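Colleague: Quick one, fold the following:
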Amino acid sequence: MGASDTIADFFEFDEHDTDYRTETIAGLTTFLAMAYIIVVNPSILAPAIFGLPPEELSPESTTEIGGSMYTFAEVQQMLAVVTILASIVAIVVMAVYANRPFGLAPGMGLNAFFTYTVVLLLGVPWQVALAAVFVEGIVFILLTAVGARKYVIELFPEPVKFAVGAGIGVFLLFLGLQEMQLVVTDPATLVQIGNVLERPIAAFSLLGLVATLLLYARGVRGSIVMGILGTAIVAWLLTLAGLVEPGTITDGGISGAQYDFTPLFWGFVDGLGMIGDDPLLFVLVVFTFFFVDFFDTAGTLIGVSQIAGFLDENGDLPEVEKPLMADAIGTTVGAMIGTSTVTTYVESSTGVEEGGRTGFTALVVGLCFLAALALVPLITAIPTYASYIALVVVGIIMLQGVADIDWEDPAWAIAAGLTITVMPLTASIANGLAAGIMSYPLVKTAMGESRDVSLGQWVLAIVFVAYFAIYFAVEAGQLTF
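Modeller: A predicted model of the protein is given here:
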């Protein structure tokens with residue numbers, strides 16, 4: 001038996017009816033859909049290192065880390081390398097241990113919470129915030145090892161499990177259309193359609209999206225990859241030919257990479273020693289990171305697994321503790337080297353849609369991230385809106401999940417409907433899950449079917465209520481530390 005057959009057997013290609021070509025295209029697709037995080041994560045986290053909002057910073061701004069001075073651009077470069085390394089660690093665990101086609105990276109939303117709420121609003125030093133993420137990761141590892149996370153996820157009401165995929169789909173659609181400027185803010189209605197005659201990115205995004213959808217409709221394998229790369233290449237060709245002003249439909253110029261991230265590591269070490277300065281606040285930060293990450297990851301895993309056909313008849317993901325361990329380890333290692341919470345990415349659904357079914361897809365994603373260490377300048381050359389074409393296409397596909405919901409049952413309709421709508425309207429997978437989980441036992445009780453609600457589901461709903469009470473109190477300034 002050759003090496004090729006051994007690898008295929010290890011990843012169970014025959015069992016999942018897949019092959020190297022399919023898994024490779026799927027991995028490349030997922031990576032291209034996730035690649036924006038290499039640029040976006042540093043831009044979100046860098047202000048935390050400086051302790052200043054982004055509008056007060058410039059590429060020449062400097063800060064002291066470990067006794068040395070670094071510019072804002074250098075800190076961003078450090079964070080780009082750290083983002084890649086943390087992603088690789090988590091993805092390798094996902095590929096080899098869990099054998100699932102899911103990509104992982106520092107989570108969007110969680111990185112913004114790290115910077116804007118924990119560091120800039122609450123005044124927690126970034127070093128302590130990293131220590132909080134590290135503790136969260138350790139707690140995740142322990143809870144995953146004993147099966148506690150699996151138990152909680154299996155408590156989710158059935159309508160919530162089956163609605164997660166569609167909810168994430170609408171969320172992806174909304175995010176993608178916003179980045180492509182096809183949906184823009186409006187003071188009266190909050191959002192409105194973007195004017196493609198006035199917005200070059202909107203016009204170019206629309207052309208790229210239409211081309212991608214037509215390729216997909218014709219059943220072209222790798223259509224999403226072609227759409228992303230084709231849109232980026234044409235944008236740069238038009239710019240280099242002088243037909244479009246530089247920076248209009250392409251991002252900024254090409255920059256290098258600061259590979260020495262050890263100052264961030266030593267900052268994390270300092271943070272461990274600062275925990276005792278305000279232990280109550282530290283516990284609150286750990287709890288919040290833990291809570292949001294737990295349910296974001298659970299929702300993503302269930303939603304993407306639904307599209308892949310991994311869920312059983314009860315809407316559960318078999319051996320869910322294995323992919324959960326991947327994000328736990330990624331979070332722990334990521335905090336040590338300088339980044340916020342690592343989580344499973346909804347963009348994994350792009351690769352799943354391309355046919356990815358095993359850990360080999362994830363392995364390809366990891367290899368692409370590894371290559372990105374040398375190609376960071378080229379990765380940043382892909383306009384963000386081009387990557388978001390994938391989110392729109394997959395968002396449309398994921399809407400098929402609504403067919404599995406029993407809309408005639410009020411408990412299903414209300415819990416599922418809230419799960420689907422609250423996600424995009426609050427830009428949070430966790431909030432969508434919370435809406436469905438809190439409403440389900442109440443509706444069941446109103447229907448006279450309280451016996452169908454387990455004690456664990458009541459506890460889960462009450463925990464969500466307590467969480468939001470604390471969250472709103474802190475946000476309103478009624479609860480301070």
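Colleague: I'd like the distance between Val474 and Ala163.
Modeller: Distance of Val474 to Ala163, computed by CB to CB, to the nearest Å: 29 Å. All C-beta spots, glycine's among them, are computed from the backbone N, C-alpha and C.
Colleague: neighbour count winner among those two?
Modeller: Neighbour count, other CB atoms under 10 Å: between Val474 and Ala163, Ala163 has more, with 33 against 17.
Colleague: Any idea how far apart the tips of stretch 10-26 sit?
Modeller: Start to finish, the residues bounding stretch 10-26 are 18 Å apart (CA to CA, to the nearest Å).
Colleague: any idea how far that stretch is from the chain center?
Modeller: Relative to its chain's centre, stretch 10-26 lies at 24 Å (CA atoms, centre = their mean, to the nearest Å).
Colleague: which residues touch the closest residue to Phe31 other than its chain neighbours?
Modeller: Once flanking residues are discounted, Phe31 sits nearest to Cys368: 3.8 Å by CB to CB, 6 or more residues apart in numbering. Taking CB atoms under 8 Å, 6 or more residues apart in numbering, we find Cys368 in contact with Gly27, Leu28, Phe31, Ala35.
Colleague: In strands only, show me the residues you listed.
Modeller: Nothing among the contacts of Cys368 maps onto strands, per DSSP state E.
Colleague: Looking at these, spot the one nearest Gly273.
Modeller: Distance to Gly273, by CB to CB, is smallest for Ala35 among the contacts of Cys368, at 35.6 Å.
Colleague: How many residues are close by the closest one?
Modeller: Burial of Ala35 is recorded as 23 neighbouring residues (other CB under 10 Å).
Colleague: List the residues that contact it.
Modeller: Cys368, Ala372, Ile379, Ile382, Ser387.
Colleague: Show the backbone phi and psi for it.
Modeller: Ala35 adopts backbone torsions of phi -60, psi -20, taken as degrees, to the nearest 10.
Colleague: in the stretch 201-350 of the chain, which ranges drop under the pLDDT threshold?
Modeller: 221, 251-257 (pLDDT under 70).
Colleague: What helix or strand is Asp270 located in?
Modeller: Using DSSP states H and E, Asp270 sits within helix 262-273.
Colleague: hang on, isn't Gly315 packed against Phe162?
Modeller: Yes: look at Gly315 against Phe162 with CB atoms under 8 Å: they come within range, at 5.6 Å.
Colleague: burial of Val146, as a residue count?
Modeller: Val146: 10 neighbours (other CB under 10 Å).
Colleague: Repeat that for the one 4 residues further on.
Modeller: When neighbours are defined as other CB under 10 Å, Lys150 has 19 of them.
Colleague: Show me what the helix or strand it falls within packs onto, helices and strands only.
Modeller: Here Lys150, judged by DSSP H and E, is contained in helix 148-154. Here helix 148-154 touches helix 126-145, helix 279-308, helix 321-337, helix 455-475, going by 3 or more CB pairs under 8 Å, 6 or more residues apart in numbering; DSSP states H and E.
Colleague: Can you mark which positions in the longest one are buried?
Modeller: Translated: helix 279-308. Neighbour-count burial for helix 279-308, counted by 16 or more other CB atoms under 10 Å, picks out 281-282, 284-286, 288-308.
Colleague: now the helix holding Asp270, how far from the centre of its chain.
Modeller: 25 Å.
Colleague: What's the separation between Ile91 and Gly103?
Modeller: Distance from Ile91 to Gly103, by CB to CB: 6 Å.
Colleague: anything in contact with each of those two?
Modeller: Residues touching both Ile91 and Gly103 by CB under 8 Å, 6+ apart: Ala362, Val365.
Colleague: between Gly315 and Phe162, which one's more packed in?
Modeller: Phe162 (25 against 20).
Colleague: And the more buried one, which helix or strand is it part of?
Modeller: With DSSP H and E as the criterion, Phe162 is inside helix 158-179.
Colleague: if we can go back for a sec, please work out which residues outside the helix holding Lys150 touch it.
Modeller: Taking CB under 8 Å, 6+ apart as the rule, helix 148-154 contacts 140, 143-144, 294, 298, 301-302, 314, 316-317, 320-321, 324, 456, 460.
Colleague: Looking at those residues, which is nearest Trp412?
Modeller: Of all the contacts of helix 148-154, Trp412 sits closest to Asn314, with 14.3 Å by CB to CB.
Colleague: Can I take it that the closest one is in a strand?
Modeller: No: per DSSP: H, G, I helix; E, B strand; the rest coil, Asn314 lies outside any strand segment and is coil.
Colleague: which residue sits closest to it, ignoring its sequence neighbours?
Modeller: Counting by CB to CB, 6+ apart, the residue nearest Asn314 is Glu158, at 7.0 Å.
Colleague: quick one: the one you found and Val244, what's the gap?
Modeller: Glu158 is 51 Å from Val244, by CB to CB.
Colleague: just Tyr385 next, same as before
Modeller: 14 Å.
Colleague: What of Gln127?
Modeller: Applying CB to CB to Gln127 and Val244 gives a distance of 43 Å.
Colleague: The two - which one has more neighbours?
Modeller: Between Gln127 and Val244, counted using other CB under 10 Å, Gln127 has the larger neighbour count: 22 against 17.
Colleague: sorry, back to before: pLDDT score for the residue nearest to Phe31?
Modeller: Looking at Cys368, its pLDDT stands at 94.
Colleague: tell me the SS of it?
Modeller: Cys368 ends up helix, using three-state DSSP.
Colleague: Enumerate every residue touching the residue nearest to Gly315 when sequence neighbours are not counted.
Modeller: Distances taken as CB to CB, 6+ apart put Lys161 closest to Gly315, at 3.4 Å, once the chain neighbours are dropped. Contacts for Lys161 were tallied using CB under 8 Å, 6+ apart; they are Ile302, Gln306, Leu311, Asn314, Gly315, Asp316.
Colleague: Distance check, the closest residue to the last one other than its chain neighbours against Ala466.
Modeller: Once its chain neighbours are removed from consideration, Asp316 has its nearest residue in Glu154; the separation is 5.4 Å (CB to CB, 6+ apart). Using CB to CB, we find Glu154 at a distance of 21 Å from Ala466.
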